[in-house]
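*Asks:* Based on what follows, work out the 3D shape:
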Amino acid sequence: MNLSPEWVGVLAAGKLAAVHWSEIGSPRAPDTEIMARARHEGWVVLTQDLDFPQTLFATAAGGPSTVLLRLRDELNERQRKRVTGLILQGREALEAGSLLVIDESKARLRRLPMLPGR
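*Replies:* Model (predicted):
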């Protein structure tokens, strides 16, 4: 819910299927509901909300895969293309269960579950 629905079209242009939560669930749904649905459906969550990776870490969950955007302007055209490219590049790892964090200048990919000291 914290990202623009414009991301659906951005991802579709990169040949990535996407749906905005507002089209399929309640805008007041707790993060745990969104995560459970994504895990059940095999979806990847695209978010700016730090609660998602924090929950993955706290619960040592193996999914859902999550892409966390840490960008000042996530709808900047250059960043849109960069994010789409990084998701495509990490597609195999995301399908297997990973956290991809994308900030202004770098990206980090971590396999799930995230365990302390790993």
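*Asks:* Which helix runs longest in the protein?
*Replies:* Counting by DSSP state H, the longest helix found in the chain is helix 77-89.
*Asks:* Give me the distance from that one to the chain's centre.
*Replies:* Its chain's C-alpha centre and that of helix 77-89 lie 13 Å apart, by Cα atoms, centre = their mean, to the nearest Å.
*Asks:* which secondary structure elements does that helix contact?
*Replies:* If contacts are counted by 3 or more Cβ pairs under 8 Å, 6 or more residues apart in numbering; DSSP states H and E, helix 77-89 sits against helix 6-13, strand 66-70, strand 98-103. Backbone N, C-alpha and C define where each C-beta goes, glycine included.
*Asks:* need those in a markdown table with distance to A58, can you?
*Replies:* Shown next, in a markdown table, are the helices and strands packed on helix 77-89 (distance: least, Cβ to Cβ, whole Å):
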| stretch | distance to A58 |
| --- | --- |
| helix 6-13 | 26 |
| strand 66-70 | 13 |
| strand 98-103 | 13 |
